[in-house]
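S.K.: need coordinates for the below:
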Amino acid sequence: MNIAIDGPAGAGKSSIARLVAKKLSFIYFDTGAMYRAMALYYLKHGIETKDGAQVESRCDEMDINILFEDGEQQVYLNGENVSREIRSEQVGNQASVVAQYPKVREKLVSLQRQMAASSDVIMDGRDIGTVVLPDAEVKIYLTASSAVRAGRRYKELQEKGIECDLKKIEEDIIVRDRQDMNREASPLRQAEDAVLLDSSDLSIEEVVERILSIVRESR
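M.R.: Now for the predicted structure:
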């Protein structure tokens, strides 16, 4: 069984998907981590991510693997564990830029489909229900207002001791929404058969329970 969760940046997709996967004993794949890994590579090598020709020409230099160690997803870029490095705001913003290029998406979508073909999986991203897993048995479009999403990210960074600006975080989220929704390759949109779930006024536990209820009804 495949479960697809799509939605804008900061909607809580990864946290929710991870909890749902645990309750269902499914494998969880954070597809956004793959795009972040690619963005990290370009940043480390001084490659301008807005230069589409250069980004696509060097796409094949990367070997990205998702492994599970002690029940946690680990992301490897050319043999190096980059699971922590890819979580910075800079990498996240650049991931949204590189994700617009067709060759980048082609490379990663192929890998994602391979992962879903042999296991019960839950995947989250921007185009899982529309492109990666169009035949997924359950599709969720998880969203929240930009202010709520920024507030959550701000709290998360503060708890990690990272200095940040709430206004700047929300501005970045709005920019990423615009990039994701207006890119030519697989833009962010709600699949026609996806269930819309706005988490602005819901706790994590409430969102998880609603998704579990949707899954139960689909069986």
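S.K.: my read: V82 touches Y76, true?
M.R.: Yes. Between V82 and Y76 there is a contact at 7.1 Å, judged by C-beta atoms under 8 Å. Any C-beta I mention is one placed from the backbone N, CA and C, and that applies to glycine too.
S.K.: tell me where this structure has strands.
M.R.: Secondary structure of the chain (DSSP state E): strands at 2-6, 27-30, 64-69, 72-77, 80-81, 121-125, 138-143, 195-198.
S.K.: out of those strands, nearest to V175?
M.R.: Closest approach to V175 among the strands of the chain (C-beta to C-beta): strand 138-143, 16.6 Å.
S.K.: pLDDT of the closest one, averaged?
M.R.: Regarding strand 138-143, the rounded mean pLDDT is 98.
S.K.: contact partners of it?
M.R.: 1-8, 11-13, 16, 124, 128-129, 190-191, 193-199, 207, 211, 214-215, 218 (C-beta atoms under 8 Å, 6 or more residues apart in numbering).
S.K.: cool, and stretch 5-15?
M.R.: For stretch 5-15, the external contacting residues (C-beta under 8 Å, 6+ apart) are 16-17, 30, 32, 92, 96, 122-130, 139-144, 149-150, 152-153, 173, 176-177, 180-181, 188, 190-191, 194, 199, 204, 207, 211.
S.K.: K107 is nearest to which of the strands of the chain?
M.R.: Ranking the strands of the chain by proximity to K107 (C-beta to C-beta) places strand 64-69 first, at 8.4 Å.
S.K.: which residues touch the spatially most central residue of the chain?
M.R.: In the chain, the centroid-proximal residue (C-alpha atoms, centre = their mean) is G32; its distance is 3.1 Å. Residues in contact with G32 (C-beta under 8 Å, 6+ apart) are K13, S14, A95, D124, G125, R126.
S.K.: wait, what's in contact with the spatially closest residue to I211 that is not a sequence neighbour?
M.R.: Of all residues not flanking I211 in the chain, V20 sits nearest, at 5.3 Å (C-beta to C-beta, 6 or more residues apart in numbering). V20 sits next to I3, F26, I122, V208, I211, L212, V215 when contact means C-beta under 8 Å, 6+ apart.
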